[in-house]
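Engineer: My questions concern the predicted model and sequence given below.
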Amino acid sequence: MEPKVVHCEQIILVGFSFYGDPFAASGGWTEENEIGRLWARFFAYLEQHGSEIPPAACQDTSYELHITHDETLEKGHYEVFVGIQSPTIEDLPPQLSVKVLPAGQYAAATLRGSEITSDWAQGIYQEWLPKAGYVPVHDFMYELYDQRFKGLDQLDHSEVDIYIPVGPI
């Protein structure tokens with residue numbers, strides 16, 4: 001995994017959120033923790049109500065957004081948002097939350113196989129960003145899941161892209 005800096009346009013996401021310690025019930029990559037449960041709730045919603053989302057919404061690519069807050073370091077609580085890209089925020093069902101990711105520079109990397117469950121964040125935030133002359137400029141990062149992600153039972157054959165908003169030191 002070698003990050004590169006890319007320019008991304010603004011992205012509008014629609015989906016569901018969780019706030020707290022997502023690993024309190026179960027750690028790691030599992031459907032039993034709050035992140036796994038959040039994905040299950042969101043996919044069940046899409047199955048039942050997907051036709052209520054604007055037709056141009058991209059349902060082939062999913063996003064997992066991690067947002068840190070003031071109590072993240074103290075309590076381990078943060079926000080996790082899962083969703084899909086939408087061209088608009090108009091005429092959305094009230095069950096959906098909206099996140100607008102700003103346009104700008106992002107450190108982007110593709111995680112493959114065991115890298116997905118590794119402590120990749122440590123390497124990027126503590127090593128790669130300072131060496132490359134960048135710092136995070138927002139308190140979030142996101143993961144992009146498309147057809148290359150084969151599921152939790154096939155992580156060895158999967159790929160996930162990660163994006164961290166950055167600016168020069």
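Structural biologist: That came through fine.
Engineer: mind pulling up the phi and psi values for Leu92?
Structural biologist: phi -90, psi 150 (degrees, to the nearest 10).
Engineer: Next one, pLDDT for the residue nearest to the spatial centre of the chain please.
Structural biologist: With distances taken as C-alpha atoms, centre = their mean, the residue of the chain nearest its centroid is Glu64 (2.3 Å). If you check Glu64, the pLDDT there is 97.
Engineer: Which positions within whichever strand or helix holds it qualify as buried?
Structural biologist: Here Glu64 sits within strand 58-68, counting by DSSP states H and E. If you call a residue buried by 16 or more other C-beta atoms under 10 Å, then strand 58-68 has these buried ones: Ser62, Tyr63, Glu64, Leu65, His66, Ile67. For every residue, glycine as well, the C-beta is placed using N, CA and C.
Engineer: and which of these is nearest to Ala121?
Structural biologist: Using C-beta to C-beta, His66 is the member of the buried residues of strand 58-68 that lies nearest Ala121, at 9.2 Å.
Engineer: any idea of the pLDDT on the nearest residue to Asp146 once chain neighbours are set aside?
Structural biologist: Nearest residue to Asp146, sequence neighbours excluded (C-beta to C-beta, 6 or more residues apart in numbering): Thr61, at 4.7 Å. Note on Thr61: pLDDT of 93.
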